[in-house]
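Novice: need coordinates for the below:
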Amino acid sequence: MTKLKTCPFCGRTAHLYHTTDNHHAPFIQCDGAIQFNGTPSCYAQTRPWTYKTDEECIEAWNRRVEVKE
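Specialist: This is a model prediction of the structure:
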């Protein structure tokens, strides 16, 4: 499996998850979005049910735009 890049917004580690419904759709969230008490510090994630495979989801998360100065 391809390694996930860090969050493009906060720089934290990202993780691949799957929905708990019958589809087990892949989605990715960064550590900043996962808070068990308090408000998340980053809301970056891929939308659940958008991608059918882990590879497709990871490819979308890892895609970055090159900024030219």
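
Novice: quick one: residue 2 and residue 41, what's the gap?
Specialist: According to CB to CB, to the nearest Å, residue 2 and residue 41 sit 26 Å apart. Glycine gets a C-beta too; all of them are placed from N, C-alpha and C.

Novice: for this structure, which segments count as strands?
Specialist: Secondary structure of the chain (DSSP state E): strands at 14-18, 26-30.

Novice: residue 2 and residue 41 - which one has more neighbours?
Specialist: Higher neighbour count among residue 2 and residue 41: residue 41, with 14 against 10, using other CB atoms under 10 Å.

Novice: not counting its neighbours along the chain, what's nearest that one?
Specialist: Nearest residue to residue 41, sequence neighbours excluded (CB to CB, 6 or more residues apart in numbering): residue 32, at 4.4 Å.

Novice: now the chain, which segments are flagged as low pLDDT?
Specialist: Within the chain, the segments meeting pLDDT under 70 span 1, 34-38.

Novice: can you give me the neighbour number for the residue nearest to residue 30 when sequence neighbours are not counted?
Specialist: Distances taken as CB to CB, 6+ apart place residue 7 nearest to residue 30, at 3.6 Å, with adjacent residues excluded. Counted with other CB under 10 Å, the neighbours of residue 7 add up to 20.

Novice: what's near enough to touch residue 7?
Specialist: 13-14, 30-32, 42, 44 (CB atoms under 8 Å, 6 or more residues apart in numbering).

Novice: over to residue 47?
Specialist: Counting by CB under 8 Å, 6+ apart, residue 47 makes contact with residue 27.

Novice: where's it relative to residue 66, distance?
Specialist: 24 Å.

Novice: what segments of the chain are helices?
Specialist: In the chain, the helices defined using DSSP state H lie at 54-62.

Novice: quick one: contacts for the residue nearest to the spatial centre of it?
Specialist: Central residue of the chain (CA atoms, centre = their mean): residue 28, 2.4 Å from the mean position. Neighbouring residues of residue 28 by CB under 8 Å, 6+ apart: 4, 14-17, 45-46, 57-58, 61.

Novice: top of the contacts of residue 7 by neighbour count?
Specialist: Using other CB under 10 Å as the neighbour test, the contacts of residue 7 are led by residue 30, with 24 neighbours.

Novice: no more questions from me, cheers.
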